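Asker: Fold the following and give me the result.
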Amino acid sequence: MATINVAKVQPRRHVEVRHFPEGASQTFVRGDLLTFSGTADTGNRVIKATSGTTATQLVGFAAESASGTAGTMIAVWLADEMAEFTANICTVTCGDDTIDLDDLGDAYGMLADTTNAAWRINLAETTSNNQWAVITEIIDASGDTNGRVAFKILKSVVDETTAGYMVNHVRAF
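Answerer: Below you'll find the model as predicted:
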């Protein structure tokens, strides 16, 4: 089986881009998972999510890197019920983990792989309150190391404010 190079999260299907103000002191890069800051008076600003969090305010993934200046408008790939993304799989240590066709349809957590500077689907995270993503497609072959999958972020962890942006919005396909 093949070993797949680890890549940053990428949009796959039905992904909408919205712009949000950047939070203070941010260093996120394209493909990082973002949440709202939740800080009084600046709660609409996006910040990098933390690995392993039980976040309930996920916004989406950074479509561009942070500028380092609070308030700068940043493009974000929204994580809504239609959006589908791609990522590599791993387990807690992000070692040489292999993909399995049985993973299709299962919900897992996500974690920040600091070695490869990429968010990955964490096949070891099956605790219900830490499951962020449902695998919708196996992209690479079963048995491939660091294989890629398509996934959707669970609706239950998408920030309601973000979802509010979708009300009465018709998406062009």
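Asker: C-alpha from now on. contacts and neighbour counts both.
Answerer: OK.
Asker: Of all residues in the chain, which one is nearest the centre?
Answerer: L33 (4.5 Å; Cα atoms, centre = their mean).
Asker: Let me know the distance separating F85 from R30.
Answerer: 13 Å (Cα to Cα, to the nearest Å).
Asker: Looking at the two, which one has more neighbours?
Answerer: F85 (23 against 18; other Cα atoms under 10 Å).
Asker: separation between the more buried one and K48?
Answerer: From F85 over to K48 (counting by Cα to Cα), the distance is 17 Å.
Asker: show me what contacts L101?
Answerer: 138, 142 (Cα atoms under 8 Å, 6 or more residues apart in numbering).
Asker: pLDDT score for it?
Answerer: L101 carries a pLDDT value of 87.
Asker: Need phi/psi at it.
Answerer: In terms of degrees, to the nearest 10, the main-chain angles of L101 are phi -60, psi -20.
Asker: element containing V76, please.
Answerer: strand 73-78 (DSSP states H and E).
Asker: Share the number of residues neighbouring R12, please.
Answerer: Neighbours around R12, by other Cα under 10 Å: 14.
Asker: which element is the residue nearest to it when sequence neighbours are not counted on?
Answerer: Leaving aside its chain neighbours, R12 sits nearest to F85 (4.7 Å; criterion: Cα to Cα, 6 or more residues apart in numbering). In this assignment (DSSP H and E), F85 forms part of strand 84-90.
Asker: Can you name every helix or strand that whatever helix or strand comes next after that strand contacts?
Answerer: Going down the chain from strand 84-90, the next helix or strand is strand 107-113, by DSSP H and E. Secondary-structure packing of strand 107-113 (3 or more Cα pairs under 8 Å, 6 or more residues apart in numbering; DSSP states H and E): strand 118-122, strand 133-138.
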